[in-house]
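**Q** What follows is a predicted structure for the sequence shown.
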Amino acid sequence: MMIGLACCSNSNMKSIRGVMVAGSTVLLAMSIWLVVDFLGLRAAGDASEMLYTGSWMWYAPLNIHLAVGVDGISVLMLLLSSIIVFAGTFASWKIDPLPKNFFLWFCLLSTGVFGFFISIDMFTMFMFYEVALIPMYLLIGVWGTGRKEYSAMKLTLMLMGGSAFLMLGLLGIYWHGTPEGGVHTWNILEISHNASIDPSWQYLLFCFTFVGFGVLGAMFPFHTWSPDGHACAPTAVSMLHAGVLMKLGGYGCFRIAIFLLPAAAQELAWIFIILTGISVVYGAFSACVQTDLKYINAYSSVSHCGMVLFAILMLNETAMTGGILQMLSHGLMTALFFALIGMIYGRTHTRDIREMGGMMQIMPYLGVCYMIAGFASLGLPGLSGFVAEMTIFFGAFEHSELFYRIFVIAGTSSIVITAVYILRVVGKVILGPVQNDHHRELTDASWWERLATVSLIVCLAGIGFFPNWLNETIRTSFMPIIDALNSVF
Amino acid sequence: MDYSQFGAMLPELIILGLFLIVFLFDTFCGEGQKKMLTPFTTILFGLATVAIWLIPSSGEAIFGGMYVDDTACKAMKAILNIGVFIVFLQSAKWTESDEVAIRKGEFYELILVTLFGMYLMISARHFLLFIIGLESASLPLAALVAFNKKHYESHEAAVKYILTAVFSSAILMAGLSYIYALSGGSLYFGDIAEAIASGSRSGLLIVGLAFLIAGIGFKLSLVPFHLWTADVYQGAPTAITSYLSVVSKGAAAYAFFIIFVQVFGAVYSDLWEWMMYAVIILTITVGNLFAMRQKNMKRFMAFSSISQAGYIMLGVMAGNFGLASMMFYIFVYIVSNLGAFAVISAIENKTGKLSMDDYDGLHKTNPWLSFAMTLAMFSLAGIPPFAGFFSKILIFTSVTSTGSMALYMLVLIALINTIISLYYYLLVVKAIWIKPGDAKVEAFRSSTGERIAIWLCVAGIVFFGLVPYIYDYCYDAVKTAYGLLI
């Protein structure tokens, strides 16, 4: 279960690259094994909320445990993370200064991510959450490009600001989550069984926790760290950050904010639906006017991650399932995008779409990959984006009130806008005429780059063609949350 | 008089004995043996630390209840001892420098005397004994601050320190005289607590409390009694600065807690909750805002330590549960802050450089120092998985335990301030790792003492957050001594 540790322990040795490849492959294998084993157990009829649970006492006076356990959603998130770590390792094959330190922090970051997804104790969850945030500062600051110092500081401070609110929310849940006279607990499952948080406290705590996680989920108006941060980060870090770290926000939103505070979620969802609705549309429009490839993709991430939160806030099974599918799909797709942009930038040394063109003639492999990623992003059937967005909008349409209808229609329109900016880039950069004659001398992808991209594309198509088993896994895992929501009325 | 009572003061006796040994050694040893003084004292002090950590506390109140050595007091003394031990290690190199070598005996003796005073402050249960402790902890410190005889700043700092120290003692004693009047002529903590609980309150009590906060707040450099801090920290020799910033603060914080919670606990919500509420917010915020613009590392650490004192004081708002968290916070603060100071003093001793700009690109020449400094900064900022994260969260948890909305808001303000503090701690990290250009500090190998000090601090930062040994130790100590209310 302690997959995170497997990744962390192998960072100090000499042939860093070999170790990283071995480590991330083992990690990937373990995650796949975990998913298979998990599905096996479920099929065998094990219906408890979390599997593989374990709990070790940590700070006894405060009843803090190191408690782990996974449900269908977390195993998929673990799988996603390990795929991206695997691809990220290959994408940063030639990291320049201080490669050892780079991979050390990279491992710390992924340890945080893995730890977050397996924790069912709020304290450890929060700790891993912050563990995942802080390496970003050095990763962007040291190995980034452009205005890296500014972006790194902005990203770190904004995310830590979010976590300050989050911490307060968690403290409130801790002190109020137990009926009078009981032993206070940080365990998410126990708190949800107790269901004893007073509604008036729930409203406040819901705002704190949702905003706290929402900052990481790039919710409007707290999204401004994301474009700058992603644009300046080195390739692998952009991949992991946009691909996985932003999912921590969405995951936390439903695992803590909605699961533990269902009454407030029912009452206050509309506020956040407005905000996430704005980020969906606003992110897409912003992406249309950017000229830097990374900025385009970063704003598209804002839009897509907004969609995740939007779906989760619909508070019904179908939309939430779609939200998780969107997390997986966006994670893979955006990682692919950032990997490709990194590869293109490594060759052309520019990310400005006005200076590029005709990549298809120069490096056909990368061009094709870019087009596949683009199609996944705009929701072409057969790729993952289509499945996820369809599910979300189906689920969202189950609400019949006018308010929801308006926002669903606004959200749907973002697909069209997405098509605009994706096709604009594809038409200009990939297919258009060659802008710079020096670019003709550039080479196509090397084997490690091919490996990184292929592994992501396979998964994208996998979700697109066989969404059914994912759907089932996610759906069953949502049952406790739906029950908690229904029990309110 | 029953002289066997002294047996209950074992920690004080150990320190006093150590002081005498060092004094005699320093006075009567020959020139050749003088070299041995530093390792001799450091090793003996290390043994004393272990002894104080291990011996059980007597738990007796002696001298008619003026002095008590319960488990919590002993745990606090043991924690302070660790701090002093690290200070001794990191200053070993400095005491051998030409300017100091001839007087290094004084350095150790004065530190031991102040430590003795702090022990008395911690264990005092009578204001007279408390004042004696406070004075013997403050006055020799002024001599220590002036230790760099040939430096103008050192003198200026010492004058500032002694004037503020004396002034604040005067205020403290004025406050005590009011309280003496109110309590019907007793200075015993127990008597005063009874008198206050039974309802003798008046305007005098408010004034008395305010004066007490001001008097002890000076030692803790709480805003608005902090104005001496930056200049003194900058002017004093780095070894003394680090001692001032952690050990002296830790003792004062503990004494503050005992006085306010155990003696004046009955009027907590009526009278001093709001005073401390304002003082804490001011301390954390002002410390942080001023730290952002500092370029001199010692001034920078001064303002950072002001804001840290605000976090320590949060423990006062949470009863005995807060005390356990506060003691753990002090321990973590000791290792983190001393880790930073060990690096600063290693670089200062070698190159004389103290500006933050001099740290640009440090990782290229001194990767281990950079590593230690980064960990110390992360720990001070409260970043997991380092100890600072746990100490902050635990103190926040204990403050919110009372469930009052006002305290939630206090924690919110403190949390927002951690973001500000993260900004300036990251400035140091940025200078070390990110700023381009060649390193301004050449590669060097730090002395043995400094290296051991840094390793101890790094071990403390990494280890004692993940392993709750120290927290459990503090928690059990407080529980045994005072019982615990959550």
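**A** Looks like it arrived, so ask away. Keep in mind it's a predicted model, so treat the numbers as computed, not measured. Numbers count the residues shown, from 1 in each chain, chains lettered A, B, ... in the order given.
**Q** Could you use CA atoms for every contact and neighbour count after this?
**A** Fine.
**Q** what's the single longest strand in chain A?
**A** Under DSSP state E, the strand in chain A containing the largest number of residues is strand A:51-59.
**Q** give the contact list for A:Y295.
**A** Contact criterion Cα atoms under 8 Å, 6 or more residues apart in numbering or on different chains gives A:227-228, A:230-231, A:287 as the residues in contact with A:Y295.
**Q** What score does it have for pLDDT?
**A** The model reports A:Y295 with a pLDDT of 87.
**Q** That one is in what secondary structure piece?
**A** With secondary structure defined by DSSP states H and E, A:Y295 is part of helix A:293-313.
**Q** just the buried members of the contacts of A:Y295?
**A** Buried residues within the contacts of A:Y295, counting neighbours by 16 or more other Cα atoms under 10 Å in any protein chain shown: A:227-228, A:230-231, A:287.
**Q** What about these, which are in helices?
**A** When DSSP state H defines the helices, the subset of these inside them is A:227-228, A:230-231, A:287.
**Q** Save the contacts of A:Y295 as TSV, and put in pLDDT too.
**A** Written out in TSV, the entries for the contacts of A:Y295 read as follows (pLDDT from 0 to 100):
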residue	pLDDT
A:P227	84
A:D228	85
A:H230	83
A:A231	82
A:A287	86
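**Q** and the longest strand of chain A, how far from the chain's centre?
**A** Here strand A:51-59 is found 25 Å from its chain centre; the criterion is Cα atoms, centre = their mean, to the nearest Å.
**Q** picking up where we left off before, now the ones in helices among the buried ones among the contacts of A:Y295 in JSON lines, with distance to chain B?
**A** What follows is those, written out as JSON lines (distance: Cα to the nearest Cα, whole Å):
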{"residue": "A:P227", "distance to chain B": "20"}
{"residue": "A:D228", "distance to chain B": "17"}
{"residue": "A:H230", "distance to chain B": "18"}
{"residue": "A:A231", "distance to chain B": "17"}
{"residue": "A:A287", "distance to chain B": "30"}
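**Q** Serialize those residues to JSON lines and add fields for distance to A:G217.
**A** Formatted as JSON lines, those follow (distance: Cα to Cα, whole Å):
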{"residue": "A:P227", "distance to A:G217": "13"}
{"residue": "A:D228", "distance to A:G217": "15"}
{"residue": "A:H230", "distance to A:G217": "13"}
{"residue": "A:A231", "distance to A:G217": "17"}
{"residue": "A:A287", "distance to A:G217": "17"}
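**Q** Reduced to three states, what does A:G69 come out as?
**A** The three-state label for A:G69, taken from DSSP: H, G, I helix; E, B strand; the rest coil, comes out as strand.
**Q** what's the nearest residue to it if we skip its chain neighbours?
**A** Nearest-residue entry for A:G69: A:T53, 4.1 Å, with adjacent residues in sequence omitted and distances by Cα to Cα, 6 or more residues apart in numbering or on different chains.
**Q** In terms of helices and strands, where is the residue of the stretch 201-350 of chain B found nearest chain A?
**A** Among residues of the stretch 201-350 of chain B, the one nearest chain A by Cα to the nearest Cα turns out to be B:F321. It sits 9.6 Å away. B:F321 is part of helix B:319-351 when elements are defined by DSSP H and E.
**Q** That helix packs against which elements?
**A** Using 3 or more Cα pairs under 8 Å, 6 or more residues apart in numbering or on different chains; DSSP states H and E as the contact definition, the elements that helix B:319-351 packs against are helix B:71-95, helix B:238-243, helix B:249-257, helix B:297-314, helix B:367-381, helix B:387-400, helix B:448-466, helix B:469-482.
**Q** Make CSV from these and add mean pLDDT to it.
**A** Formatted as CSV, the entries for the helices and strands packed on helix B:319-351 read as follows, by pLDDT from 0 to 100:
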stretch, mean pLDDT
helix B:71-95, 90
helix B:238-243, 91
helix B:249-257, 92
helix B:297-314, 92
helix B:367-381, 91
helix B:387-400, 90
helix B:448-466, 89
helix B:469-482, 87
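**Q** Please tell me how far A:Y299 sits from B:M66.
**A** Counting by Cα to Cα, to the nearest Å, the gap between A:Y299 and B:M66 amounts to 68 Å.
**Q** likewise B:T351?
**A** Distance, B:T351 to B:M66, using Cα to Cα: 49 Å.
**Q** Looking at the two, which has the bigger crowd around it?
**A** Each of B:T351 and B:M66 has its neighbours counted (other Cα atoms under 10 Å in any protein chain shown); B:M66 has more, 19 against 13.
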